[in-house]
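Novice: whatever this is, show me its structure:
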Amino acid sequence: MRDGIEVARRGTAAVALVTETFWLQGDAVAASAGMPDIPRLRLPHPVAGSGQEAMARVAAELASRIVAVLRGDAAPDNESVPA
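Specialist: Numbers count the residues shown, from 1 in each chain. Reported below is the predicted structural model:
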């Protein structure tokens, strides 16, 4: 969250990547940083430490969504109904 917020503050389009386990904490961090609407995408948990194959699979699944959100062609997960 904090990296995405810092990138956005510098004027660069950003999408924060947040795992399911930390989704609610991401909401709190975004609100406390004054950027409650920063675009976020939900990742499975865990990603780190899950192995190269699992990380590659997550990256392949999310890459096009990240680009679509950055272009404004898709809504980020923080604008969708929570699961």
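
Novice: what residues does the biggest helix by length in the chain touch?
Specialist: For the chain, the longest helix by residue count, based on DSSP state H, is helix 52-71. Applying Cβ atoms under 8 Å, 6 or more residues apart in numbering, the contact partners of helix 52-71 are 13, 15, 17, 39, 41, 43, 44, 47, 50, 74, 75, 76. Heads up, the C-betas are built off the backbone N, CA and C, glycines and all.

Novice: sheet partners, orientation included, of the strand or helix carrying the fifth one?
Specialist: Translated: residue 41. Secondary structure from DSSP states H and E places residue 41 in strand 40-43. Strand pairing for strand 40-43, using DSSP bridges, gives strand 16-19 (parallel).

Novice: list the buried ones in stretch 41-61?
Specialist: By 16 or more other Cβ atoms under 10 Å, the buried positions in stretch 41-61 come out as 41, 42, 43, 58.

Novice: the residue nearest in space to the middle of the chain bridge partners, please.
Specialist: Among the residues of the chain, residue 17 comes closest to the average C-alpha position under Cα atoms, centre = their mean, at 2.4 Å. As for beta bridges, residue 17 partners with residue 41 under DSSP bridges.

Novice: need the contact list for residue 17.
Specialist: Counting by Cβ under 8 Å, 6+ apart, residue 17 has contacts 4, 40, 41, 43, 62, 66.

Novice: for those, which one is nearest residue 34?
Specialist: residue 4 (13.4 Å; Cβ to Cβ).

Novice: nearest residue to that closest one in space, please, no chain neighbours.
Specialist: Using Cβ to Cβ, 6 or more residues apart in numbering and skipping residues adjacent in sequence, the residue nearest residue 4 is residue 16, 3.1 Å away.
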